[in-house]
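> 3D model of this:
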Amino acid sequence: MTGRNAVLVVGSLHLDFIVDAPRLPRRDETVMGSGVAIICGGKGGNQAAAARRHGARTYMAGRVATDFFGDRLLENLTRWDVDVSLMQKAKSGASGMSVAIVEETGDYGAVVVSGANREVEAAGLAVPVDAAVLVLQNEIPEAANFAAAKAASAVGATVILNAAPTRPLSSDLLALVDVLIVNRIEAEELFGCEIRTPTEAAEASERQSAGPDNVVITLGGEGLVYRRAGSSPAHMPSFEVEVASTHGAGDAFTGALAARIATGNSIEKAIRYAMAAAALHVSATTEQRDKISPNHVLELLERGRSRSGCV
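Numbering: from 1, shown residues only. From the prediction side, this is the model:
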């Protein structure tokens, strides 16, 4: 791993239309909204931007179409100083997009139209020589994820899979994954059990007898459960913040985690850092999120240690 300190994200790019509303509409109901924002996203794009924001040289590999959405998505990554030289560009079709409705409570629902993300070509993927970490999600074909994971594993890079949205995962892919990240809904689907409490999450994490050595089940305001193979699951409580919106919190966590692993942190330290980064993300407005830096995260970590009496 000498000389490897970068993050490669292979995944999706979507142009997100985010609508503020008092609540999600019921079937056949129209609800009057209070605002709209157009944001460059997709789980892959969000995680790449987060990894770069938290200090790692970052590459993005995925697919967009030759359209306005695609141009805007690539321009946004370039603005964050993410290397887009590995991006694939389709000559026809449409780039990915999504619509999210954010409730007054900060919770949300979303619809994703994958577009060009469904056509990421496995044969066109390569791992840069300085990539220490590969990040994958479930918004592109599994064949592309498997090809990227196989190439990254062959050169000793850490493979992180954020298994969202939920879908069946092949044992071949899981065998190449070092860190599996799921929320409680995804964990329920993957492990076949209901998860209502951190204790149930801990029990569920132990059901993954084969595959990733590290399993992270995120629980929103209840923190997360982390299990390393051969060790007992540990519940890590969340930071207390006032929630503005939970939209994108999982991506902020995953990108920050990848960055800290790539730059030399142990996975335990990287997880705690990523939790603080996600806490700042959910407590900030859309405009404020772009300004979150490693220094802000380290300050929150220090405040958390002071409150808990840790030294």
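> contacting residues around E29?
Contact analysis of E29 by C-beta atoms under 8 Å, 6 or more residues apart in numbering lists nothing. Every C-beta, even on glycine, is put in place using the N, C-alpha and C of the backbone.
> Check whether it sits in a helix, strand or coil.
coil (DSSP: H, G, I helix; E, B strand; the rest coil).
> From D107, how far out is it?
17 Å (C-beta to C-beta, to the nearest Å).
> and the next element down the chain from the helix ranked longest in the chain?
In the chain, taking DSSP state H as the definition, the longest helix is helix 267-283. Beyond helix 267-283 on the C-terminal side, the first helix or strand identified by DSSP states H and E is helix 286-289.
> So what touches that following helix?
For helix 286-289, the surrounding residues in contact (C-beta under 8 Å, 6+ apart) are 18, 37, 39, 245, 248, 252, 281.
> just to revisit the earlier point, in the longest helix of the chain, which residues have enough neighbours to count as buried?
Using 16 or more other C-beta atoms under 10 Å as the test for burial, helix 267-283 gives 267, 270-283.
> what is the mean pLDDT for that helix?
Mean pLDDT, helix 267-283: 97.
> same deal with stretch 137-151?
Rounded mean pLDDT across stretch 137-151 is 97.
> Can I get it as CSV, trimmed to CA atoms?
The C-alpha trace of stretch 137-151 is given here as CSV (Å, rounded to 0.1, in the frame of the first residue of the first chain):
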residue,chain,number,x,y,z
GLN,A,137,-22.9,1.3,-3.9
ASN,A,138,-25.9,-0.5,-5.4
GLU,A,139,-27.0,2.1,-8.0
ILE,A,140,-24.9,0.7,-10.8
PRO,A,141,-24.9,-2.9,-12.2
GLU,A,142,-23.4,-5.6,-9.9
ALA,A,143,-21.2,-6.7,-12.8
ALA,A,144,-19.5,-3.3,-12.7
ASN,A,145,-19.2,-3.5,-8.9
PHE,A,146,-17.7,-6.9,-9.1
ALA,A,147,-15.1,-6.0,-11.8
ALA,A,148,-14.0,-2.9,-9.8
ALA,A,149,-13.8,-4.9,-6.5
LYS,A,150,-11.8,-7.7,-8.1
ALA,A,151,-9.3,-5.2,-9.6
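> Among the contacts of helix 286-289, name the ones in helices.
Those of the contacts of helix 286-289 lying in helices (DSSP H): 252, 281.
> Nearest to I140, out of the contacts of helix 286-289: which one, please.
G248 (18.1 Å; C-beta to C-beta).
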